[in-house]
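Chemist: structure for the following, please:
(2 chains)
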Amino acid sequence: MKLSPRAALLLLPSAAIFLFLLILPLANVIDESFKLFIPGRIGSAKDAPYTLTNYIELISPAYAKFFLDTFLLGLFACAIALFVSFPIAYYVARQPVGLKRKLAVGFLICMMFLSALVRVYSLELTFGPVGFLKQVSTLFGLTPNSRTYIELLTIAGLIHIIIPMSALILVGTLQNISPRLVEAAQALGAPRWKAHLSITIPLSARGILSAFLVSYTLCISAFVVPLILGKGRLLFISNLIYSRFSEVANYPSGAAMSMVLLASSLLIIYVVTRIAAARWGTE
Amino acid sequence: MKRYVDNIGFAFLVATGVLAVAFLVFPLLVSVSMSFDSRGYLGPFPPPSLSLRWYESFFSDSYYLNGLKNSLILATIAAVVSTTVGVTAAVVIDRYEFKGKQALATLFLSPLIVPAVVFGFALLMFFSLLGIFEGFPRMIGGHIIITIPYTVRTTLAGLVGIRKTLTEAAMSLGANERQAFWDVTLPLAKTGIVTGAIFAFAFSMDDVAVSLFLSDPNTYTLPVAMISMMRAKFDMTISAAAVLLVMVTLALLVVLDRTIGLDKLLGQGVYRA
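Modeler: Below you'll find the predicted structure:
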């Protein structure tokens, strides 16, 4: 149907919401990110001159650590979560309709809805320096207060969030792959592991990819997990942005970091989908 | 030999799955049991005896109660507004052909890739420019924009599955366009709409980053209250609050199951015997 003026009117409320709550605020952040900051003020002055300082600062090695922590720990977490959620998703997807399947799906959805705060608090209570499973740290040859253990805890927090999410995405893909294909390969003499490796995994590549994209964008913008489990010794870019606002009121620098974080998310999504499109055709 | 590798591989994957589920569930059980701890301090697990003291402390602390009240009000408003606006937008996108339709659909989903902290930061600065300094209106704005993509996406997914012939049949039997929409299209899209509303409610309840920026000292949400308590002292009242949040999650799951059924949510897959 052609869009009539009356139907276009229906788009007005949503257009207004996106203009005032997304487009204008982000435009303002871009503007602020180029403003000169004078220490001691809250934010930039109204007539502050435009400058590139806020971005140039971020290139310095002092900041590289935060970017590296964010992107690398996020990547580790995604790799582990994908590896772990695949068998879970496969189990759920091949479950016949009935109570067991319903319970399994309910469990995953419940785990997805669970508040991030509940997760970090529970993990801290279990594996943290006062937690009763803190001996886990000695398994890795670490002390509960070492930096590496804090990194491990942060990864644990991230995968706690993304395992249920990627498992649900993968269930959607896996249940649309015909089980006959693997059976055929096995009937023709392939061992089961090889049949899955050469049939199930390639056919679910799209699902794996979208699970990765959703998980990774969530990980690099994680805020609560590093805030609590990182104990101030491990900061993600999100935490750095928050401290720019809450501790030093250097809004222009926080704005520049926000833009870099947003741009990296966009870049990752663009590059990954581009590679996927080149590999598997359109979409 | 073939069998041998298969069996080891299978056992390894089962072990991975079981370990992962244990990793997801076990910490929660620790939190729940510690919330019933009768000791007045954070002692070693398991608690020697049980009591409700931390729940009493939660329900007698106006700081937490105020946060809980605000969280529930905010999540309700966010879910209602996001669903109304999201469904309207999704219906227009689904039914009409116009230039820039694809771009508009992308715009509606775009808040999903903006990190929550960036939203909090951007909205805080923008609201100060507009001279809005009260926590409540600021947080309503923030929660609406972060939940709208879920309602748009699930409604669109629900509408795409409806065959156009059904609406056409209704209209050829004498229904006008409006009746066909209210009596045929909307009930069929129910699954998507309800899912979106529940997602909106859940993600609004869960939000920390946006609320942390936009709250004021008198208006804050339960997660904001919990996070400031967590950083101040590791008190067990937080476990009681955590258990309450788990209950909210479970309640949402029950609502989801009762209204549309958990089976329908993911579909059955094409190749189901």
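
Chemist: quick one: low-confidence ranges for the chain?
Modeler: This is for chain A. Along chain A, the model assigns pLDDT under 70 to residues A:281-283.

Chemist: please refer instead to chain B.
Modeler: Judged by pLDDT under 70, chain B has its weakly predicted residues at B:1-2, B:234, B:268-273.

Chemist: the strands in it, which residues?
Modeler: The residue ranges that make up strands in chain B, judged by DSSP state E, are empty, as it has none.

Chemist: residue closest to the middle of it?
Modeler: Note on chain B: the residue nearest the mean C-alpha position is residue B:202, at 2.3 Å, using C-alpha atoms, centre = their mean.

Chemist: contacts only, for that one.
Modeler: Residues in contact with residue B:202 (C-beta atoms under 8 Å, 6 or more residues apart in numbering or on different chains) are A:113, B:249, B:252. C-beta coordinates here come from the backbone N, C-alpha and C atoms, glycine included.

Chemist: with respect to residue A:154, which of the residues you listed is nearest?
Modeler: residue A:113 (21.8 Å; C-beta to C-beta).

Chemist: quick one: contacts for the closest one?
Modeler: Residue A:113 sits in contact with B:202, B:206, B:249, B:252-253, where contact means C-beta under 8 Å, 6+ apart.

Chemist: burial measure for the closest residue to residue B:175 other than its chain neighbours, as a count.
Modeler: In space, and not counting its chain neighbours, residue B:175 is closest to residue B:183: 6.8 Å by C-beta to C-beta, 6 or more residues apart in numbering or on different chains. Here the number of neighbours of residue B:183 (other C-beta atoms under 10 Å in any protein chain shown) works out to 13.

Chemist: cool, and the one 10 residues further on?
Modeler: A total of 22 residues lie near residue B:193 under the criterion other C-beta under 10 Å.

Chemist: and if you look at residue A:212?
Modeler: For residue A:212, the number of neighbouring residues by other C-beta under 10 Å comes to 21.

Chemist: so it lies in a strand, does it not?
Modeler: No. With DSSP: H, G, I helix; E, B strand; the rest coil as the criterion, residue A:212 is located in helix rather than a strand.

Chemist: I figured residue B:255 was touching residue B:197, is that so?
Modeler: No. Under the criterion of C-beta atoms under 8 Å, residue B:255 lies out of contact with residue B:197, with a separation of 9.4 Å.

Chemist: looking at those two, which is more packed in?
Modeler: It is residue B:197, of residue B:255 and residue B:197, that has more neighbours when counted by other C-beta under 10 Å, with 26 against 14.

Chemist: show me what contacts that one?
Modeler: Listed by C-beta under 8 Å, 6+ apart, the contact partners of residue B:197 are B:79-80, B:82-83, B:151.

Chemist: among the residues you listed, name the buried ones.
Modeler: When the contacts of residue B:197 are checked for burial by 16 or more other C-beta atoms under 10 Å in any protein chain shown, the buried set is B:79, B:82-83, B:151.

Chemist: one step back: want to throw the contacts of residue B:197 into JSON lines with distance to chain A?
Modeler: Output for those, formatted as JSON lines (distance: C-beta to the nearest C-beta, whole Å):
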{"residue": "B:79", "distance to chain A": "13"}
{"residue": "B:80", "distance to chain A": "13"}
{"residue": "B:82", "distance to chain A": "9"}
{"residue": "B:83", "distance to chain A": "12"}
{"residue": "B:151", "distance to chain A": "10"}
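
Chemist: in helices, which of those fall?
Modeler: Per DSSP state H, helices hold the following members of the contacts of residue B:197: B:79-80, B:82-83, B:151.

Chemist: for those residues, which one is nearest residue B:31?
Modeler: The closest of these, once distances to residue B:31 are taken by C-beta to C-beta, is residue B:79, at 26.2 Å.

Chemist: show me what contacts the residue in the stretch 1-150 of chain B that chain A sits nearest to?
Modeler: For the stretch 1-150 of chain B, the nearest residue to chain A under the criterion C-beta to the nearest C-beta is residue B:115, separated by 3.1 Å. The contact partners of residue B:115, by C-beta under 8 Å, 6+ apart, come to A:220-221, A:223, A:238, A:258, A:261-262, A:265, B:209.

Chemist: who wins on neighbours among the residues you listed?
Modeler: Of all the contacts of residue B:115, the highest neighbour tally under other C-beta under 10 Å goes to residue A:258, namely 30 neighbours.

Chemist: so who does the residue nearest to it when sequence neighbours are not counted touch?
Modeler: With sequence-adjacent residues excluded and distances taken as C-beta to C-beta, 6+ apart, residue A:258 is closest to residue B:118, at 4.3 Å. Contacts were defined as C-beta under 8 Å, 6+ apart; by that measure residue B:118 touches A:26, A:29, A:221, A:241, A:258, A:261-262.

Chemist: residue 201: how many residues sit nearby?
Modeler: You didn't pick a chain, so chain A it is. Using other C-beta under 10 Å, residue A:201 has 11 neighbouring residues.

Chemist: the chain in question should be chain B.
Modeler: By other C-beta under 10 Å, neighbour count at residue B:201 equals 26.

Chemist: would you agree it is in contact with residue B:79?
Modeler: Yes. The pair formed by residue B:201 and residue B:79 meets the contact definition of C-beta under 8 Å, at 4.2 Å.

Chemist: list the contacts for the closest residue to residue A:154 other than its chain neighbours?
Modeler: Take residue A:154 and drop its neighbours on the chain: the residue closest to it by C-beta to C-beta, 6+ apart is residue A:229, 4.9 Å away. Listed by C-beta under 8 Å, 6+ apart, the contact set of residue A:229 reads A:120, A:123-124, A:128, A:150, A:153-154, A:156-157.

Chemist: can you give me the helices for chain B?
Modeler: Along chain B, the stretches classed as helices by DSSP H are B:2-35, B:53-59, B:62-95, B:101-109, B:116-130, B:135-160, B:164-172, B:177-180, B:186-188, B:190-206, B:209-214, B:222-232, B:237-259, B:262-266.

Chemist: let me have those in a markdown table, extended by distance to residue A:21.
Modeler: Conversion of the helices of chain B to a markdown table gives the following (distance: least, C-beta to C-beta, whole Å):
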| stretch | distance to residue A:21 |
| --- | --- |
| helix B:2-35 | 34 |
| helix B:53-59 | 33 |
| helix B:62-95 | 11 |
| helix B:101-109 | 12 |
| helix B:116-130 | 7 |
| helix B:135-160 | 4 |
| helix B:164-172 | 33 |
| helix B:177-180 | 30 |
| helix B:186-188 | 26 |
| helix B:190-206 | 14 |
| helix B:209-214 | 11 |
| helix B:222-232 | 20 |
| helix B:237-259 | 24 |
| helix B:262-266 | 29 |
